[in-house]
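Engineer: build me a model from this:
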Amino acid sequence: MEALLVDELPEPPGWQYEPKWDGFRAIIDKEGDDIEIWSKSGKRLGRFFPEMIEQIREMSEKRLMLDGELVIPIGDRLSFAALQARLHPAASRIAKLSRETPSRLILFDALSIGPQDLRHQPLSHRREALRNLRSSMTGSSLMLSPASLSLEQAKSWLTETGGALDGVIAKPVDEPYRAGERAMRKVKQLRTADCVVGGYRKSNGGGVASLLLGLYNAAGQLDLVGFCSGLDGGARKDLLQVLEPFRGGPGFTGKAPGGPSRWAPDKSGDYIPLTHDLVAEVIYDQVTAHRFRHGTRFHRWRPDKDPEQCTLDQLVREIQPKELIQLMGKG
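Structural biologist: As a prediction, the model looks like this:
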């Protein structure tokens, strides 16, 4: 199941609220001794988290399909950088990291447990089955995510946890598991979007002036939605090396940079196109007509994100009339 980014959590009844964790979304698939961890984009993650594979192997149930979030705590924070460090080709490096910074799995849904296929059951039933499963487990690496039917509790998670929590998810209590659909709602601590880097512009000195950001429209074309120039010195320094392997791609196949201009027709679309492989999470303020109104700020690379998941429906954040009135000082 996917989540639609919203400004406010939906009002009860009919919703269950859960913290949104800053980790790798993961589907646990166990069939006897055959165990795999799948990312949301369908990539195999098991080899990168051998310690979690062993934890799942020790569970008494022979068949399982669970939905959760892989996290790695470093101190009192969940470290996304530590998760990214696991995506390494060397098995010796992965083994070392699995001992030094072991992962945790925060469980929040169950698709099947033993012979029971739970996908068509309502969330309330799936949650109870997951709670019973967790009560039979031992060890602290597998945890059950907190959940509440109270909107006040959900709001307190947002206000009292600072930046340690990624946000809050609202799930419909009476609905089945709707795989691939944006059936859930989410409020994030930061207003962010995962975008495909479709190209970049060069500075006068030959470096990277800005990243050009794209999202797929309903026709499957990559539309330009804005740019990112808020890169710190460290990120900017190595950026050309990051971008170079992806040069020569189609760039933007939908709405593209520039466009016909009678004032400077030779420079209207002047940019370096890239393949559709790099995904960047950026921080933004407002959206108008499916575009970032201002330049965005680079937050992090998302190697775990499938570029095809970067769609325009992330940006259902058009400014509301009441917000416009407030901005103009009339509210």
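Engineer: what segments of the stretch 51-200 of the chain are strands?
Structural biologist: Secondary structure of the stretch 51-200 of the chain by DSSP state E, counting those that start in this stretch: the strands cover 63-71, 73-74, 77-78, 104-113, 116-117, 142-144, 167-172, 184-188, 192-202.
Engineer: what about residue 112, neighbour count?
Structural biologist: When neighbours are counted by other CB atoms under 10 Å, residue 112 registers 19. Where C-beta positions appear, they are placed from N, C-alpha and C, glycine not excepted.
Engineer: surely it and residue 118 touch.
Structural biologist: Yes. Using CB atoms under 8 Å, residue 112 is in contact with residue 118, at 5.7 Å.
Engineer: helices of the stretch 101-250 of the chain, residue ranges please.
Structural biologist: Using DSSP state H, counting those that start in this stretch, the helices of the stretch 101-250 of the chain run over residues 123-135, 151-160, 233-237, 239-243.
Engineer: closest one to residue 15 among those?
Structural biologist: Checking the helices of the stretch 101-250 of the chain against residue 15 by CB to CB gives helix 151-160 as the closest, at 7.9 Å.
Engineer: tell me the mean pLDDT over that closest one?
Structural biologist: For helix 151-160, mean pLDDT is 86.
Engineer: who are the packing partners of it?
Structural biologist: strand 15-20, strand 167-172 (3 or more CB pairs under 8 Å, 6 or more residues apart in numbering; DSSP states H and E).
Engineer: what pairs with the last one, and is each one parallel or antiparallel?
Structural biologist: Pairing partners of strand 167-172, with direction, according to DSSP bridges: strand 15-20 (antiparallel), strand 184-188 (antiparallel).
Engineer: turn these into TSV, columns for mean pLDDT, mean neighbour count and distance to residue 45.
Structural biologist: Rendered in TSV, the data for those read as follows (pLDDT from 0 to 100; neighbours: other CB atoms under 10 Å; distance: least, CB to CB, whole Å):
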stretch	mean pLDDT	mean neighbour count	distance to residue 45
strand 15-20	93	22	19
strand 184-188	90	20	21
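Engineer: adding distance to residue 36, write those out as TSV.
Structural biologist: What follows is the strands paired with strand 167-172, written out as TSV (distance: least, CB to CB, whole Å):
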stretch	distance to residue 36
strand 15-20	24
strand 184-188	24
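Engineer: tell me which of those sits nearest to residue 100.
Structural biologist: That would be strand 15-20 among these, by CB to CB, at 25.8 Å.
Engineer: and the angle from the closest one to strand 63-71?
Structural biologist: 60 degrees (axes from the mean of the first three to the mean of the last three CA atoms, to 10 degrees).
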